[in-house]
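Asks: below are the sequence and a predicted model; questions follow.
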Amino acid sequence: MATIWPYKRLECLEIPTLTFNTQTKVEPDGNNKVIVTEQDPALTEFMLSAHLPDSVSKYYGSHKETVKVDYCTVIINKETRTRLMQKLKADGSVLSTSDKIKTGHLKGLVEVDIFAVLAEDAASIADSSETPSSKGTILATWPKLFIHLDPPPDRTGDEFPTRWVAFSENENTSKYIKAIHYVDTDEDIVLINDDLPRDLKNILQGNEGGAYKALRDAIFSPVAVDICEQLARYALYDARESDGIVYLGGHYKRLIESICTLLTGIDDQNDALEELNEIICDLDPARLNKIVSTILPLACQQLMDVSTSLNRHAVEWGSDR
Amino acid sequence: MEKIYLVDEDLRADERYKTVKPSDIILEDTKFEVDFGELDRWENDILTTPSFKRDQIDSTIGPALYSAIASLSADVLSNERFWQWLALVRYRKLTEFRLQKPISETPRQNLLSGKSLNNQNRLFLQRIYNILKIAYPEAVVSDKYKLGRQLLQNQDAITSICDRELGLNEAFIRKHLENIAGLGSTKTQQYLKNLNAQAQVFLPDYL
């Protein structure tokens, strides 16, 4: 759920750039994620740069010469409980680090944020309700970057193996032969119906690219959303039985952690988890039922970004025709 | 002085931690050595005094634990397998006493630590270290651990601070520790929620 800030807060959309030392080999995903594939941890270091749009550099308009704005990068590594803040230098429309940032003892996933911050109290502009005057106010943000210093863990869904099974011959599914999939939470496996009509099965099991792949992925997108919803529902009820989210294991815990902000409407993950835990542990069946029946389906669609994914398949399908 | 070890096997696999004997756990020598003498003395006192409650145990052993391990490298202290060794091998009796149930009935996050902020805070020895590290950076203690003991008796303070990303901004959170130390459960959580809300609007380094 998007936060409505009590002042003008800008969101820069252009993704910042990470540049590593030559000895460090990385695989960028073309978006905001970089996987380090080869490194000497003692040497690994990077520079960070970002585009500084006019809307940010001229945030204070006619006051811009008198109001000091700092640009900062904050580096967080949860695995080592490390947080570093460094000021960036602004040169025209480019922000960049003054010094190389060594990854040193950091491990696993490193998160990199950039903020524009009001550097000093600015009483002279206190008359404007939209522009903040208190020191430290975040004026603008950039997309967060992720550096995987080790290969990233498997995604949640990958821990659920998928198997093609004739539903007509399976004890749990024999009466549902027209269904496509079944999540077996006892065995932690997703079963796909091998009894599906031949043409549909050919597309789902095929290896063709282009329009066929787009169609195949488009069929599986809502299936993935549905699987996500079933797993989350199972996890929520399991947490209720076990007296709290903290007792959930592995993929169930991670799924609830990633969806809790969407389920509660609270932006901070820890606060959202606390709230969700209270709903579950206070045995408030009305609130829990409302979440499960109405919000969960929406949250899963949002989490899986189903419309973007389907649109991508639609574009692929269209361009291949 | 004695050697510090890491567990050198996956105790999560098939929930091995529940059944493996401490003497059978495979270990790796870190080449670091520390003095656990004081912590051992407190452990002995606790094990022979059944009336010790959980928060009392934490505030009693906290200073000795932190003093002993604070000088270890960040690499060791951020390694979940160091904490596994501490809980399941070196201080297993104390861990079982503190848990008040057998290892085999204990959820793994309470014993095996982990990579997430939450999981780094479920194992009581690591939780003690996490909060004292914020209270006493560079292990400089000027108040004979008065503040640290207060915090360790307020378990909600520890979890509310160390489970959150906000807790990584140690300089900022340190300014609030004295206020938090004396608060009750609900007020602690509310105080932290307010700080967290502040950190969404302001970069805490500037506050």
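Replies: In hand now; what should we look at? Numbering: from 1, shown residues only, chains lettered A, B, ... in the order given.
Asks: from here on, just use CA atoms for contacts and neighbour counts.
Replies: OK.
Asks: so what pLDDT did residue B:147 get?
Replies: If you check residue B:147, the pLDDT there is 94.
Asks: I figured it hits residue B:178, correct?
Replies: Yes: between residue B:147 and residue B:178 there is a contact at 6.9 Å, judged by Cα atoms under 8 Å.
Asks: neighbour-wise, which of those two wins?
Replies: residue B:147 (18 against 15; other Cα atoms under 10 Å in any protein chain shown).
Asks: which SSE is the more buried one in?
Replies: helix B:146-152 (DSSP states H and E).
Asks: tell me the buried residues in that helix?
Replies: B:147-152 (16 or more other Cα atoms under 10 Å in any protein chain shown).
Asks: tally of neighbours for the residue of chain B found nearest chain A?
Replies: Nearest to chain A in chain B, going by Cα to the nearest Cα, is residue B:202, at a distance of 4.3 Å. By other Cα under 10 Å, 19 other residues sit near residue B:202.
Asks: ok, the closest residue to it other than its chain neighbours to residue A:71 distance?
Replies: Leaving aside its chain neighbours, residue B:202 sits nearest to residue A:137 (4.3 Å; criterion: Cα to Cα, 6 or more residues apart in numbering or on different chains). Distance of residue A:137 to residue A:71, given as Cα to Cα, to the nearest Å: 12 Å.
Asks: shared neighbours, these two?
Replies: residue A:117 (Cα atoms under 8 Å, 6 or more residues apart in numbering or on different chains).
Asks: give me the more crowded residue out of the two.
Replies: Neighbour count, other Cα under 10 Å: between residue A:137 and residue A:71, residue A:137 has more, with 28 against 23.
Asks: for the lengthiest strand in chain B, name the packing helices and strands.
Replies: As assigned by DSSP state E, the longest strand anywhere in chain B is strand B:27-34. Secondary-structure packing of strand B:27-34 (3 or more Cα pairs under 8 Å, 6 or more residues apart in numbering or on different chains; DSSP states H and E): strand B:2-7.
Asks: show me the contacts for residue B:133.
Replies: Applying Cα under 8 Å, 6+ apart, the residues contacting residue B:133 are B:66, B:70, B:139.
Asks: what's the helix or strand for it?
Replies: Applying DSSP H and E, one finds residue B:133 within helix B:124-135.
Asks: now residue A:65
Replies: Here residue A:65 is assigned to no helix or strand, by DSSP H and E.
Asks: okay, it: pLDDT?
Replies: 82.
Asks: per-residue pLDDT, the residue of the stretch 101-250 of chain A at minimum distance from chain B?
Replies: Minimum separation of the stretch 101-250 of chain A from chain B (Cα to the nearest Cα) falls at residue A:137, amounting to 4.3 Å. Per-residue pLDDT puts residue A:137 at 95.
Asks: please list all residues in contact with it.
Replies: A:117-118, B:201-203.
Asks: same check, this time on residue A:9
Replies: A:138-140.
Asks: related to what we said a few turns ago, residue A:277: which of the contacts of residue A:137 is nearest?
Replies: residue B:201 (25.4 Å; Cα to Cα).
Asks: can you give me the pLDDT of that closest one?
Replies: 92.
Asks: before we move on, what about residue A:175?
Replies: So, for residue A:175, pLDDT stands at 88.
Asks: how about it, secondary structure?
Replies: coil (DSSP: H, G, I helix; E, B strand; the rest coil).
Asks: what are the phi and psi values at it?
Replies: The phi and psi values for residue A:175, taken as degrees, to the nearest 10, are phi -90, psi 0.
Asks: from residue B:6, how far off is the residue nearest to it when sequence neighbours are not counted?
Replies: Leaving aside its chain neighbours, residue A:175 sits nearest to residue A:168 (6.9 Å; criterion: Cα to Cα, 6+ apart). For residue A:168, the distance to residue B:6 equals 51 Å [Cα to Cα].
Asks: these two: which is more packed in?
Replies: Neighbours of residue A:168 and residue B:6, each counted by other Cα under 10 Å, are more numerous for residue B:6; the result is 19 against 16.
Asks: any idea how far that one lies from residue B:115?
Replies: 16 Å.
Asks: over to residue A:61?
Replies: For residue A:61, the distance to residue B:115 - Cα to Cα - is 44 Å.
Asks: thinking again about what came up before, tell me the one of the contacts of residue A:137 nearest residue B:77?
Replies: residue B:203 (27.3 Å).
Asks: contacting residues for the closest one?
Replies: Contacts of residue B:203 (Cα under 8 Å, 6+ apart): A:117, A:136-138.
Asks: if we go to 6 Å?
Replies: residue A:136 (Cα atoms under 6 Å, 6 or more residues apart in numbering or on different chains).
Asks: may I have the phi/psi pair for it?
Replies: Torsion angles at residue B:203 (phi, psi; degrees, to the nearest 10) stand at phi -80, psi 120.
Asks: residues near residue 176, how many?
Replies: As the question left the chain open, I've gone with chain A. 14.
Asks: wait, chain B
Replies: Neighbours around residue B:176, by other Cα under 10 Å: 13.
Asks: and the pLDDT at it?
Replies: The model's pLDDT for residue B:176 equals 93.
Asks: just the one 5 residues further on next, same as before
Replies: Looking at residue B:181, its pLDDT stands at 88.
Asks: then residue B:169?
Replies: 94.
Asks: the spatially closest residue to it that is not a sequence neighbour: which element?
Replies: Among residues not flanking residue B:169 along the chain, residue A:83 sits closest, at 6.4 Å (Cα to Cα, 6+ apart). Per DSSP H and E, residue A:83 falls inside strand A:82-91.
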